[in-house]
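Asks: No letters, just coordinates:
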């Protein structure tokens, strides 16, 4: 992002940016940057909190009025945690049976997807706010059951083709997994705030069959002959915080 | 967060390793400008978002392609197809403004804090490869100038 800003500024347009990784921004030294103490993925800090977002946005924009630079300002206010009443242990509305044998993966994943369906509907309606129901799980165009089937089919047989002729296999794997994960996380999105985000991540990766399926899918992709599919396995399926550490001195470079 | 101390061990190691590969721009160039209340502001986000009916971000060289987001877009009509799995998406799933603060920007314009909101905004996928990215960035700069934009907010994920 630092490079983008540099080229835009070279073309004569002033830029200011929000920074999430302070160490990077301090090294790049763009003209104007506001470092914010929020989790990766939330540069404005707090979903559903317009007043908080406005304060962050204003702090970033006000750097445009600085007389000289580089400017690297630190935003002092932490994102609000979930409300006190909500801040206990993360509770998923459906309890899953975690231990799944290889042969049972496909049926267990289908069962789990079906169990979440009413909660996904409910979560979508809760976000409705007078407009169309919003879901972000629409990249692949597949129904959740079909997403789950594509994933378990590919784990069983990596020669499984894309679900659509005009979508290359690596992209198909990425879109389907992003959709299915969004389906799960939207279904349990009952607790706002950073704490809930991290707890939801733990739930998905440690507490669901889908999390296990994604880890097996990652292994299948990493063993695939196609380098782009390998790349999907390395970068797009399992977060670094969850994935097993790669071996070899140069292994991190693949990420 | 993400203060590095809060991240996992090899996530932190990877982020620090990137330090050896990133350039130092030394704050240059520096374009001065009008007071904020006279500026026309556009957002460029590297969060890999796009309109629901737009094309998802591809792999390979096409990963550098940008997507256009009209200024009057409904924030609820935005989706995300970034290739990285290393950041939270649950915030965006609840409220696109936590990544792309278009509603907040319109409010600042209505309140007279900024001059106006650009007609078009732009989204890239942050993990795009640098070599092919520069021509795209300069193309976007030319489009921004035609839109009379004189201030850009960059947002990451």
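Replies: Cool, got the structure. If you're wondering where the values come from, they're calculated on a predicted model, not measured in any experiment.

Asks: give me the number of residues near residue B:55?
Replies: Residue B:55 sits with 12 neighbouring residues when counted by other C-beta atoms under 10 Å in any protein chain shown. C-betas here are computed from N, CA, C, even on glycine.

Asks: Could you report the separation of it from chain A?
Replies: 10 Å (C-beta to the nearest C-beta, to the nearest Å).

Asks: gap between that residue and residue B:47?
Replies: Distance, residue B:55 to residue B:47, by C-beta to C-beta, to the nearest Å: 16 Å.

Asks: Any regions of chain A where pLDDT drops low?
Replies: Chain A contains residues with pLDDT under 70 at A:82-103, A:126-133, A:190-195, A:246-255.

Asks: Closest approach to chain B from it, which residue is it?
Replies: Among all residues of chain A, residue A:70 sits closest to chain B, at 2.9 Å; criterion: C-beta to the nearest C-beta.

Asks: Could you list every helix and strand in contact with the strand ranked longest in chain A?
Replies: If you go by DSSP state E, chain A has its longest strand at strand A:14-19. Counting contacts by 3 or more C-beta pairs under 8 Å, 6 or more residues apart in numbering or on different chains; DSSP states H and E, strand A:14-19 packs against helix A:2-10, strand A:32-35, helix A:50-62, strand B:151-155.

Asks: Figure out how far it is from the centre of its chain.
Replies: 23 Å (C-alpha atoms, centre = their mean, to the nearest Å).

Asks: and what of stretch B:65-72?
Replies: With C-alpha atoms, centre = their mean, you get 10 Å for stretch B:65-72.

Asks: Pull out the buried residues from that stretch.
Replies: B:66, B:67, B:69, B:71 (16 or more other C-beta atoms under 10 Å in any protein chain shown).

Asks: Please apply the same query to stretch A:109-117.
Replies: Result for stretch A:109-117 [16+ other C-beta under 10 Å]: buried residues A:109, A:110, A:112, A:113, A:116.

Asks: Residues contacting it, please?
Replies: A:94, A:96, A:144-145, A:147-149, A:151-152, A:180, A:183-184, A:187, A:208-210, A:213 (C-beta atoms under 8 Å, 6 or more residues apart in numbering or on different chains).

Asks: Just the buried residues of those residues.
Replies: The neighbour-count criterion (16+ other C-beta under 10 Å) marks A:96, A:144, A:147-149, A:151-152, A:180, A:183-184, A:187, A:208-210, A:213 among the contacts of stretch A:109-117 as buried.

Asks: gap between the residue positioned nearest the centre of chain B and residue B:117?
Replies: With distances taken as C-alpha atoms, centre = their mean, the residue of chain B nearest its centroid is residue B:45 (0.9 Å). Distance, residue B:45 to residue B:117, by C-beta to C-beta: 14 Å.

Asks: quick one, what contacts residue B:105?
Replies: A:57, B:41, B:43, B:114, B:117, B:153.

Asks: where's residue A:23, which helix or strand?
Replies: Assessed by DSSP states H and E, residue A:23 sits inside helix A:22-28.

Asks: for residue B:121, same thing?
Replies: Taking DSSP H and E as the criterion, residue B:121 maps to strand B:120-123.

Asks: Give me the mean pLDDT for that strand.
Replies: Averaged over strand B:120-123, pLDDT sits at 98.

Asks: neighbours around the residue of chain B found nearest chain A, how many?
Replies: Residue of chain B nearest chain A, by C-beta to the nearest C-beta: residue B:27 (2.9 Å). The number of residues packed around residue B:27, counting by other C-beta under 10 Å, is 18.

Asks: ditto for residue B:110
Replies: 10.

Asks: I'd like to know the phi and psi angles of it, please.
Replies: phi -60, psi -40 (degrees, to the nearest 10).

Asks: hmm, back to that, would you agree the residue nearest to the centre of chain B is in contact with residue B:154?
Replies: Yes - Residue B:45 lies in contact with residue B:154 (C-beta atoms under 8 Å); the separation is 7.4 Å.

Asks: All the helices of the chain, residue numbers only.
Replies: No chain was given, so I picked chain A. Assigned by DSSP state H, the helices in chain A fall at A:2-10, A:22-28, A:50-62, A:105-126, A:144-156, A:169-187, A:194-207, A:209-222, A:227-231.

Asks: try again with chain B
Replies: B:9-18, B:90-94, B:102-110, B:133-146.

Asks: Tabulate the ones you listed (a markdown table), appending mean pLDDT.
Replies: Shown next, in a markdown table, are the helices of chain B (pLDDT from 0 to 100):
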| stretch | mean pLDDT |
| --- | --- |
| helix B:9-18 | 78 |
| helix B:90-94 | 91 |
| helix B:102-110 | 98 |
| helix B:133-146 | 95 |
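
Asks: among those, which is the most enclosed?
Replies: Among the helices of chain B, helix B:90-94 has the highest mean neighbour count (mean count of other C-beta atoms under 10 Å in any protein chain shown), at a mean of 26.

Asks: Report whether the expected contact of residue B:7 with residue B:15 is present.
Replies: Yes - in this structure, residue B:7 is within contact of residue B:15 by C-beta under 8 Å, at 7.1 Å.

Asks: sorry, back to before: relative to residue A:176, tell me which of the helices and strands packed on strand A:14-19 wins on proximity.
Replies: For the helices and strands packed on strand A:14-19, the distance to residue A:176 is smallest for strand B:151-155, at 26.8 Å, taking C-beta to C-beta.
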